[in-house]
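Engineer: task: produce atomic coordinates for the following.
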Amino acid sequence: MAQQSHLDDDAERLAQLGYKQELARTWSGFSNFAISFSIISILAGCFTTFAQAWNNGGPLAISVGWPVISAFILIIGFCMSELVSAYPTAGGIYWWAAKLGRPVHGWFTGWLNLIGLIAVTASVDYGCATFLNITIGLFDEGWASGDALKQTFLLFAVILVLHALINIYSHRLISILQNISVWWHVAGAAVVILILVFGPSEHQSVGFLFERFNNSGFGDGTSGPAFWLYVLPLGFLLTQYTITGFDACAHVSEETHGAAMSAAKGLWKSIFYSAIGGWVLLLSFLFAATDVDAVNKAGGFVGAIFESSLPANLVKVVFLISTIGQFFCGMSCVTSMSRMTYAFSRDGAIPGWRLWSRVDKNRTPVNAIIAGCVVALLITIPALYAPEGSTTPVAFLAVVSIAVIGLYLAFLIPIWLRLRMGAAFQPGPWTLGSKYKAFGWIAVIEIIVISIYFVLPISPAGVPGADDFAWTAVNYAPIAVGAVILAIAVWWFVSARHWFSGPRRNIEELPAGKAEPVG
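Structural biologist: This is a model prediction of the structure:
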C-alpha cells in the first residue's frame, strides 16, 4: 500500500507540472541512483580516457586532478539535485530552464542536452567496442591482426543495435539491469584493484603519483606556463568526461517512486560514490605502471599497464570486466537519451515531434530510442580514420568533448537561472538552503572554464596553420557544437520563437486540492 501511495503522490506532482503519467512508474529509488552511477561508469571513463590524463599532465593529473575536479562536479550535482527535487520531470534540465526562465532558455538547454546525451551514447559505445575488439583479440590472434579501426566501428554498430533492442523490448528488465550494473561496477572495480595490488611483481612508489608528464606535443616541459595553463587542464578531461551523464536521474524521474526526494539523492550520490571508487581504481593503475616506457609507447593506453605488469590470464580478466561494465553503461546512456528525446518532443521542439513522443503498448518511446542511436552512429563515422601513425581516432576524443560541452552547458543554464531567481525559487523537499548562492556561482564558473578548454586543439597537428596539420587530428568538437548552437539560434530567431512556448500541458485538470507550482 505504501508504494501505491507514492505512485499517487508522484502522479499528482507530475500533474501539477502539467503532464499525464504516460511512462510506467516502476523504478525504485535505488534504480534511479543506479542509472546515473552506471552512466558515470568508472569501468568506462577511467579506462577509455586514461590516456588523456597520462599524456597531459601524467600521474599528477590523476592523483590530484581527479579529486579536485570531482569536488567541483559534486557541487554542480548538488545544484541539480535541488532542481530535480523541485521539478521531477522526464525533460529534466530543459524543463527547469524553461520554467525558471523563458522559452528561449528551454530551447537552447534542450538542444544542448540532447546533443550531449547522443554524444555520450556514441562515445561510451565506441569505447566499449574498442575494449571488446581488444578482448576478442586476446583470445583470437587472427582477429588481433585485423584492421582495428574497421573492426571497432563494426562492433560499435552492433553494440548500438543491441542497446536499442534491449531498451525497446525489455522495459521492465531495464530497471533490473540497472541494479545489476551497480553491483557489477562495485564488484568489478574491486576485483580489478585487487588484481593490480597482488598481480604485479613490483609497484611504483608513492612519489610516482605526483610526477608530471607532457606527451601532448605542446611545449617541451612540465614546468612552464604552457604546461600548467594548457596541457594539465586538458588532462582533466578524464575526470570531467567520466563523471558526467548524472542528469539521467532527472530524465527517468517520471518512472521513479518518490521522485522528488529519491531522484535528488540519487543524483548527488552517484557522483560522490563514483568519485571515490574511480580515484581508488585510477591509483591502482598508477601503482601498477612500472614500465612507463611501455605505456608511453602505447600512447598512454591503459591496456599497456596491464600487459606490462600482469600475466596474460589476468589481463584478459581485467579487459573482460571493463568491457561488460562499459556495455551496461551504454545501455543506460540509451535509456537516458531516449527519455530526453521523448520529453523534448512531447513539447513540440524536435521536427517530427509526434513520431518521437509516441510510446508503444509497453509505454516505451521506441521511435526516440531508434532515432538517437542512428544519430549516435552517424556522428562517430569519422572514427573510421586516425592520424597517420596512430591507431587512436581523434574523432573519439572529439565526441567525448562534444558530450562534455553539450551536457555541461545544458547544466549551466538552469543553474544560472536558479541563481537569478533567488528567494523567489520554490524548492522541493531536497534543498540547498542558503548555500545555493556559493554553490551556484562555483558551478557556473567551472562549467564556463571547462567548456573553453575542451573546444581547443587536442594535439599540435590539429592546430590550423601548423606545419604538420592534418584534418584527422582536428578536434571537431567546436565545429560540431558551434554548428549546433548556430543552427538552433538561427532556427529560434527565424521560426521557433513564434511557435515554441516551452513545456506544453497535456493534462487538463489538476488533482483535487493541488495547486499548480509557481516559477
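
Engineer: who touches Tyr230 in this structure?
Structural biologist: By C-beta atoms under 8 Å, 6 or more residues apart in numbering, the residues touching Tyr230 are 218-219, 456. (Glycine included, C-beta is placed from N, CA and C.)

Engineer: give me the distance between it and Asn56.
Structural biologist: As judged by C-beta to C-beta, to the nearest Å, Tyr230 and Asn56 stand 9 Å apart.

Engineer: cool, Ser38 as well?
Structural biologist: For Ser38 relative to Asn56 (C-beta to C-beta), the value is 27 Å.

Engineer: who has more neighbours, the two?
Structural biologist: Using other C-beta atoms under 10 Å, the more surrounded residue of Ser38 and Asn56 is Ser38, with 31 against 27.

Engineer: residues in contact with the more buried one?
Structural biologist: Contact analysis of Ser38 by C-beta under 8 Å, 6+ apart lists 178, 181-182, 185, 328-329, 331-332.

Engineer: just the buried positions in the helix or strand containing it, please.
Structural biologist: Taking DSSP states H and E as the criterion, Ser38 maps to helix 29-40. Residues 29, 31-40 are the ones in helix 29-40 that count as buried (16 or more other C-beta atoms under 10 Å).

Engineer: and if you look at stretch 211-225?
Structural biologist: Using 16+ other C-beta under 10 Å as the test for burial, stretch 211-225 gives 211-218, 222.

Engineer: then stretch 499-506?
Structural biologist: 500, 502-503.

Engineer: report the secondary structure state of Val197.
Structural biologist: Following DSSP: H, G, I helix; E, B strand; the rest coil, Val197 is assigned to helix.

Engineer: and for it, the neighbour number?
Structural biologist: Number of residues near Val197 (other C-beta under 10 Å) recorded here: 12.

Engineer: give the contact list for the closest residue in space to it that isn't next to it in sequence.
Structural biologist: Nearest non-adjacent residue to Val197, counting by C-beta to C-beta, 6 or more residues apart in numbering: Ser284, 6.6 Å away. Going by C-beta under 8 Å, 6+ apart, Ser284 touches 192-193, 196-197.

Engineer: before we move on, what about Ala298?
Structural biologist: By C-beta under 8 Å, 6+ apart, the contact set of Ala298 is Ala304.

Engineer: am I right that Ser262 sits in a helix?
Structural biologist: Yes: according to three-state DSSP, Ser262 belongs to a helix.

Engineer: how confident was the prediction at it?
Structural biologist: On the pLDDT scale, Ser262 is placed at 93.

Engineer: the one 5 residues further on now?
Structural biologist: As predicted, Leu267 sits at a pLDDT of 95.

Engineer: hmm, back to that, return the member of the buried residues of helix 29-40 nearest to Leu114.
Structural biologist: Lowest distance from Leu114 to the buried residues of helix 29-40 (C-beta to C-beta) belongs to Ile39, with 15.2 Å.

Engineer: thinking the closest one is in contact with Leu117, fair?
Structural biologist: No: the criterion here is C-beta atoms under 8 Å, and Ile39 misses it with Leu117 at 9.4 Å.

Engineer: nearest to Ser81, out of the contacts of Ser284: which one, please.
Structural biologist: Looking across those and measuring by C-beta to C-beta, the closest to Ser81 is Ile193, at 28.6 Å.

Engineer: relative to Val318, how far out is that closest one?
Structural biologist: On the measure of C-beta to C-beta, Ile193 and Val318 end up 10 Å apart.

Engineer: and the two? Which one has more around it.
Structural biologist: Set Ile193 next to Val318 and count neighbours by other C-beta under 10 Å: Val318 wins out with 24 against 18.

Engineer: check the more buried one and give its pLDDT.
Structural biologist: We note a pLDDT of 97 for Val318 in this prediction.

Engineer: pull the contacting residues for the residue lying closest to Val399 once chain neighbours are set aside.
Structural biologist: Nearest non-adjacent residue to Val399, counting by C-beta to C-beta, 6+ apart: Ser123, 4.5 Å away. By C-beta under 8 Å, 6+ apart, the contact set of Ser123 is 48, 241, 380, 396, 399-400, 403.

Engineer: just those: which has the poorest pLDDT?
Structural biologist: At the low end of pLDDT for those is Phe396, which has 77.

Engineer: how about low-confidence regions in the stretch 51-200 of the chain?
Structural biologist: Low-confidence segments of the stretch 51-200 of the chain (pLDDT under 70): 170-172.

Engineer: ok so Pro414 is a helix residue?
Structural biologist: Yes: under three-state DSSP, Pro414 sits within a helix.

Engineer: contact partners for it?
Structural biologist: Pro414 makes contact with 80, 83, 93, 96-97, 100-101, 105, 109 under the criterion C-beta under 8 Å, 6+ apart.

Engineer: next structured bit after whichever helix in the chain runs longest?
Structural biologist: Taking DSSP state H as the criterion, the chain has its longest helix at helix 103-139. Using DSSP H and E, the helix or strand that follows helix 103-139 in sequence is helix 141-144.

Engineer: and the helix or strand that that next one is followed by, what other elements does it pack with?
Structural biologist: Per DSSP H and E, helix 141-144 leads on to helix 148-169 as the next helix or strand towards the C-terminus. If you count contacts as 3 or more C-beta pairs under 8 Å, 6 or more residues apart in numbering; DSSP states H and E, helix 148-169 packs onto helix 103-139, helix 171-198, helix 312-346, helix 366-379.

Engineer: can you mark which positions in the first one are buried?
Structural biologist: Read that as helix 103-139. Residues 103-138 are the ones in helix 103-139 that count as buried (16+ other C-beta under 10 Å).

Engineer: same question, stretch 476-490
Structural biologist: So stretch 476-490, judged by 16+ other C-beta under 10 Å, has buried residues 476-478, 480-481, 484-485, 488.

Engineer: mind picking the two most distant members of those?
Structural biologist: Greatest spatial distance among the buried residues of stretch 476-490 (C-beta to C-beta): Tyr476 and Ile488, at 17.9 Å.

Engineer: from the contacts of Tyr230, which land in strands?
Structural biologist: Judged by DSSP state E, strands contain none of the contacts of Tyr230.

Engineer: can you lay out those as CSV showing pLDDT and distance to Trp143?
Structural biologist: Shown next, in CSV, are the contacts of Tyr230 (pLDDT from 0 to 100; distance: C-beta to C-beta, whole Å):
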residue, pLDDT, distance to Trp143
Phe218, 87, 36
Gly219, 80, 39
Leu456, 86, 36
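
Engineer: nearest to Ile73 among those residues?
Structural biologist: Set against Ile73, the nearest of the contacts of Tyr230 by C-beta to C-beta is Leu456 (20.1 Å).

Engineer: show me the contacts for that closest one.
Structural biologist: 230, 234, 475.

Engineer: show the end-to-end separation of stretch 86-101, please.
Structural biologist: 15 Å (C-alpha to C-alpha, to the nearest Å).

Engineer: quick one, helices of the stretch 401-519 of the chain?
Structural biologist: Taking DSSP state H, counting those that start in this stretch as the test, the helices found in the stretch 401-519 of the chain are 436-453, 477-491, 497-499.

Engineer: so which elements touch the second one?
Structural biologist: Counting contacts by 3+ C-beta pairs under 8 Å, 6+ apart, helix 477-491 packs against helix 103-139, helix 394-421.

Engineer: these: which one's closest to Pro351?
Structural biologist: Of all the helices and strands packed on helix 477-491, helix 103-139 sits nearest to Pro351, with 11.8 Å by C-beta to C-beta.

Engineer: and Leu14, how far from Ser338?
Structural biologist: As judged by C-beta to C-beta, Leu14 and Ser338 stand 19 Å apart.
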